[in-house]
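Colleague: My questions concern the predicted model and sequence given below.
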Amino acid sequence: MAKNLNAKSVKKALPINIYGDEIGAYIEECRQFVARARRQEVIVEENGAAHKTKSRYATSRRSPGEETDLDAREKALRKLESDLAKREVELIEREIKYYGAQQELDRLRPLSGLYRVVKAMATERKLEALLDTITRETQTMLKCDRCSVFVLEPRGDELWSQVAQGVGAGTVIRVPLASNSVVALTARSAQVINIPDAYSDHRFDSEVDKQTGYLTRNILCVPLTNRKGETIGVFEVLNKSGGPFTEEDEEWLKGLAAVAAGLIEQAQSYEEIEHFVDKTLETLAQTIDKRDPLTAGHSIRVTRYSILIGEAMNIPEGDMDVLRYAAMMHDYGKIGVPEAILWKNGRLTPEEYALVQTHAKITYDLLSNLPFTRRLSEVPFVASCHHEKLDGSGYYRGLKGQEIPFLARIITVADVFDALTSVRHYRNRMEIAKVAEIMESGRENHFESELIDAFFRLPADRVLKVMESERGQVVPAELDLFQAITWQRLVELTDGAKAQPHEEELKDLFERIYNAGLPDDYQALD
């Protein structure tokens, strides 16, 4: 390559300041050295050695010996110039290779990012995590400062940020679809909008920067469309490094937007299916509860209590879905129990109680006929185990200890608590202190101790909001006052513990709410 290059011709093809600072300084020093040698400020020997002359200017007369020395020195100088030129060409060639490698790296960077996006799609199920990967890779691929994905909310009059870089975690940016923002304009027009200079374009609203303190230089927005061609959101990128966004950037973002739109559409479809399944199972559960007005809402409250306990125990998300469905359907087998027994106003006979016990097996048999996905395949078994006890005295399988699914043990705590704090045909709502006594006495024979502990550590307001829900009345707003204490502390207050200044009114308020509207013609059978 050196035969076809010289330093001047090669440098024309390269960007300014291609040399590093040290290399550039070295080459400049060599050039100045040659220039001084030609002015005879220094003498270059044939062996390359150099020393300064006594005078800056050469004399006009030279002896024959001096002429010979001058020829030799000129020859050495030409050799030095040639060596320096070759060295410079070698340095330039090395820089060309580096520059070419950088260009190749820039060319491959988007493909590398796209590979990581595809890999994430194959291994990640959560929409938020996938979109986070897409925005991070887009940031690298397009060399931009920020990326955001906006999704058209269900009513269709606002765009909500699904992922937004540069804002606090959990912060949702809401953009009215009818507004003049660039994001809204992109959604309404379903066209790509590329703004090279934000502050010179009338479509950009600088008030956003004034509110956030951010300085927007350039913007690229691409609409997200579903398979029907309908706009479902917008992919926005801001502030490309080194200049405005190019047509090539537009094409890359269109491709990434298509991926993001597909994931969002898929997630929305999945959410619709999941919502349908939730409401279907909830309706089936309520058909059992509503056979008797006194038990209406029991399954929903048990589900909510179970979720509170599950969250306190840091149950994995996949197991939380099993817990929710199993708790919701735990009593579905009561469809096979005669109403005369379920509604009996008094204690059950042994024969009647044996009939009631069959509901656990019926629950398992009925739920086993439903085509649960592999992820939810344990729902029938978990739901049917809510009457098992740790000591093996429960029903219907007589399981004990670790034989009972952990999720079923959670439902057991929730089920008993709701039963004790609800009106039944044979008794009124039980006093809270008595409820706590029964729960405590069941440790390690009926209930898992750590689950009882987790329940009693729950914030009192969250327990009360579940307790007073689904009872045909408005949940009192005063329940927020119980945020500062745990359920354990509320039990202690109702049992006579000395109240702190901020707790003094809570005992009376609780008893007023707990006993509101209760019938007074029931006799406790404790």
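Modeller: Cool, the structure landed. Numbering: from 1, shown residues only.
Colleague: ok, now how distant is the nearest residue in space to Tyr332 that is not next to it in sequence from Thr303?
Modeller: Spatial nearest neighbour of Tyr332, excluding adjacent residues (CB to CB, 6 or more residues apart in numbering): Thr363 at 5.1 Å. Any C-beta I mention is one placed from the backbone N, CA and C, and that applies to glycine too. Distance of Thr363 to Thr303, given as CB to CB, to the nearest Å: 14 Å.
Colleague: One more: Thr133?
Modeller: 33 Å.
Colleague: cool, and Ile335?
Modeller: 18 Å.
Colleague: Same check on Thr295?
Modeller: Here the criterion is CB to CB. By it, Thr295 lies 14 Å from Thr303.
Colleague: ok, the two, which is more surrounded?
Modeller: When Thr295 and Thr303 are compared for neighbours, Thr303 comes out ahead with 25 against 21, by other CB atoms under 10 Å.
Colleague: For that one, give its distance to Tyr270.
Modeller: 21 Å.
Colleague: contacting residues for Cys147?
Modeller: Residues in contact with Cys147 (CB atoms under 8 Å, 6 or more residues apart in numbering) are Thr135, Arg136, Thr138, Gln139, Val163, Gln165, Phe235, Glu236, Val237, Leu238.
Colleague: Just say helix, strand or coil for the closest residue to the second one other than its chain neighbours.
Modeller: Spelled out, it's Arg136. Nearest residue to Arg136 in three dimensions, chain neighbours excluded: Cys147, at 7.8 Å (CB to CB, 6+ apart). Following DSSP: H, G, I helix; E, B strand; the rest coil, we place Cys147 in the strand state.
Colleague: so where's the stretch 251-400 of the chain uncertain?
Modeller: Within the stretch 251-400 of the chain, no range satisfies pLDDT under 70.
Colleague: Domain parsing of the protein, as residue ranges.
Modeller: For the chain, automatic domain parsing gives the domain ranges 2-117, 129-263, 290-458, 459-518.
Colleague: quick revisit: in ChimeraX, how would I select the buried members of the contacts of Cys147?
Modeller: In ChimeraX, this line selects whichever of those come out buried by 16 or more other CB atoms under 10 Å:
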select :135,136,138,139,163,165,235,236,237,238
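Colleague: Who are the contact partners of the residue nearest to Val192 when sequence neighbours are not counted?
Modeller: Sequence neighbours aside, Val222 is the residue nearest to Val192 in space, at 5.3 Å (criterion: CB to CB, 6+ apart). Shown in contact with Val222 (CB under 8 Å, 6+ apart): Thr186, Val192, Val234, Phe235, Glu250, Leu253, Lys254, Ala257.
Colleague: Which members of the contacts of Cys147 are positioned in strands?
Modeller: Val163, Phe235, Glu236, Val237, Leu238 (DSSP state E).
Colleague: Just name the closest of those to Asp83, please.
Modeller: Closest approach between those and Asp83, by CB to CB: Val237, at 50.5 Å.
Colleague: tell me the pLDDT at the closest one?
Modeller: If you check Val237, the pLDDT there is 93.
Colleague: what's it in contact with, if anything?
Modeller: Neighbouring residues of Val237 by CB under 8 Å, 6+ apart: Thr138, Gln139, Leu142, Cys144, Arg146, Cys147, Ser148, Ile219, Leu220, Cys221, Phe245, Leu253.
Colleague: which residues sit in contact with the residue lying closest to it once chain neighbours are set aside?
Modeller: Spatially, and ignoring its direct neighbours in sequence, Val237 is nearest to Cys144 (4.5 Å; CB to CB, 6+ apart). By CB under 8 Å, 6+ apart, the residues touching Cys144 are Thr138, Leu220, Val237, Leu238, Asn239, Lys240, Ser241, Phe245.
Colleague: Columns distance to Glu450 on top of those residues, output as TSV?
Modeller: Listed next are the contacts of Cys144 as TSV, based on distance: CB to CB, whole Å:
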residue	distance to Glu450
Thr138	45
Leu220	53
Val237	48
Leu238	49
Asn239	51
Lys240	54
Ser241	53
Phe245	55
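Colleague: now the contacts of Val237 in a markdown table, with distance to Ile411?
Modeller: Output for these, formatted as a markdown table (distance: CB to CB, whole Å):
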| residue | distance to Ile411 |
| --- | --- |
| Thr138 | 44 |
| Gln139 | 45 |
| Leu142 | 50 |
| Cys144 | 49 |
| Arg146 | 45 |
| Cys147 | 43 |
| Ser148 | 41 |
| Ile219 | 52 |
| Leu220 | 51 |
| Cys221 | 48 |
| Phe245 | 54 |
| Leu253 | 48 |
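Colleague: how about the helices in the stretch 351-500 of the chain?
Modeller: Under the criterion DSSP state H, counting those that start in this stretch, helices of the stretch 351-500 of the chain are mapped to 379-383, 406-420, 432-441, 449-456, 460-467, 487-494.
Colleague: just the helices in the stretch 101-250 of the chain please.
Modeller: Counting by DSSP H, counting those that start in this stretch, the segments of the stretch 101-250 of the chain that form helices are 127-141, 182-189, 207-212, 247-289.
Colleague: With distance to Ala198 added, can I get those in CSV?
Modeller: What follows is those, written out as CSV (distance: least, CB to CB, whole Å):
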stretch, distance to Ala198
helix 127-141, 18
helix 182-189, 9
helix 207-212, 8
helix 247-289, 16
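Colleague: quick one: which of these is nearest Thr358?
Modeller: Ranking the helices of the stretch 101-250 of the chain by proximity to Thr358 (CB to CB) places helix 247-289 first, at 14.0 Å.
Colleague: what's the next secondary structure element after that closest one?
Modeller: As assigned by DSSP states H and E, the chain's next helix or strand after helix 247-289 is helix 298-312.
Colleague: Tell me what angle that following helix forms with helix 247-289.
Modeller: 130 degrees (axes from the mean of the first three to the mean of the last three CA atoms, to 10 degrees).
Colleague: List the buried residues of the following helix or strand past helix 298-312.
Modeller: The helix or strand immediately downstream of helix 298-312 is helix 317-328, counting by DSSP H and E. For helix 317-328, burial by neighbour count (16+ other CB under 10 Å) applies to Asp319, Asp321, Val322, Leu323, Arg324, Tyr325, Ala326, Ala327, Met328.
Colleague: Run through who's touching helix 317-328.
Modeller: Residues contacting helix 317-328 (CB under 8 Å, 6+ apart): 281-282, 285, 299-300, 302-303, 306-307, 310-311, 315, 372, 375-376, 378-379, 382-383, 386, 407-408, 410-411, 414.
Colleague: again with stretch 357-372
Modeller: Taking CB under 8 Å, 6+ apart as the rule, stretch 357-372 contacts 325, 329-337, 379-381, 383-387, 395-396.
Colleague: What of stretch 270-285?
Modeller: The contact list for stretch 270-285 (CB under 8 Å, 6+ apart) reads Ser299, Ile300, Tyr325, Met328, Met329, Asp331, Tyr332.
Colleague: How far away from the center of its chain is that stretch?
Modeller: On the basis of CA atoms, centre = their mean, to the nearest Å, stretch 270-285 sits 24 Å off its chain's mean C-alpha point.
Colleague: how about that stretch: buried residues?
Modeller: The neighbour-count check on stretch 270-285 (16+ other CB under 10 Å) flags Leu281, Glu282, Leu284, Ala285 as buried.
Colleague: Ok, stretch 437-449 next?
Modeller: Met439, Gly442, His446, Phe447, Glu448.
Colleague: Quick one, grab the pLDDT at the closest residue in space to the fourth one that isn't next to it in sequence.
Modeller: Nearest residue to Phe447, sequence neighbours excluded (CB to CB, 6+ apart): Val413, at 5.5 Å. At Val413, the pLDDT value in this model is 98.
Colleague: how many other residues sit next to Val413?
Modeller: Other residues near Val413 come to 23 when the count uses other CB under 10 Å.
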